[in-house]
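K.L.:
Fold the following.
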Amino acid sequence: MTNERVEKRLPGKTRAARHLRKLETAEENLLWSELRNRQLNGHKFTRQVPLGNYVVDFLCRDRKLVVEADGFQHADAPTDTVRTRWLNENGYAVLRFWNHEITRARQEVLDTILCALTGELNSTCKTTRFFPAFSDEAENNRERQL
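P.N.:
Numbering: from 1, shown residues only. So this is what the prediction gives:
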C-alpha cells in the first residue's frame with residue numbers, strides 16, 4: 001500500500017476524467033457549485049480526479065476526503081464496495097450521497113462534508129454513508145490477525 005501507486009496517473013485515466021467533467025450530472029454540478037473555489041470553509045476540492053484505477057467525483061487532497069454523488073445505478077453495487085475499500089486502504093476517507101440528497105437537502109450535505117473534513121465524523125456510518133480511511137494501527141491489527 002503506497003501513495004505513489006495511488007497518485008500515479010494511469011494510462012487513459014486523465015482522458016476519462018476530462019470526459020466525465022463534460023458529462024457531469026445536474027447533482028454533480030450543484031455540489032460542485034458549492035465546493036469549487038474554496039467556498040466550503042476554505043477547503044480546496046477538485047472534481048473528477050483519477051486515483052489508481054478509479055476516477056472520484058470530488059476530492060479534498062489536504063484532508064484525503066473523497067465525496068461521491070451516487071445515482072440509482074449505485075444502489076447495492078458491489079463494485080462500489082470494492083472501490084471504497086481500495087480507497088480506504090490507500091488512505092482516503094469516502095463520503096457518499098444519493099443524488100436526491102444533493103438536490104433536496106444540499107445544506108445538510110454540505111454540513112456532513114464539513115463534519116468529515118473537521119474530524120467530527122470519524123467512524124464508519126451507514127446512515128451518512130461515511131467510510132473512513134484505514135489507519136496504520138487498524139491495518140497493523142488486521143495483519144496480525146491474518
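K.L.:
Could you use CA atoms for every contact and neighbour count after this?
P.N.:
Noted.
K.L.:
Strands of the chain, residue ranges please.
P.N.:
Taking DSSP state E, the strands of the chain run over residues 46-51, 54-60, 65-70, 93-98, 130-131.
K.L.:
The fourth one pairs with which strands, parallel or anti?
P.N.:
According to DSSP bridges, the neighbouring strands of strand 93-98, each with its direction, are strand 65-70 (parallel), strand 130-131 (antiparallel).
K.L.:
what angle do the longest one and strand 46-51 make?
P.N.:
Yep, that's strand 65-70 we're talking about. Direction vectors for strand 65-70 and strand 46-51, defined by axes from the mean of the first three to the mean of the last three CA atoms, to 10 degrees, enclose an angle of 100 degrees.
K.L.:
Check the offset of strand 65-70 from the chain's centre.
P.N.:
Averaging C-alpha positions (CA atoms, centre = their mean, to the nearest Å) puts strand 65-70 4 Å from its chain's average.
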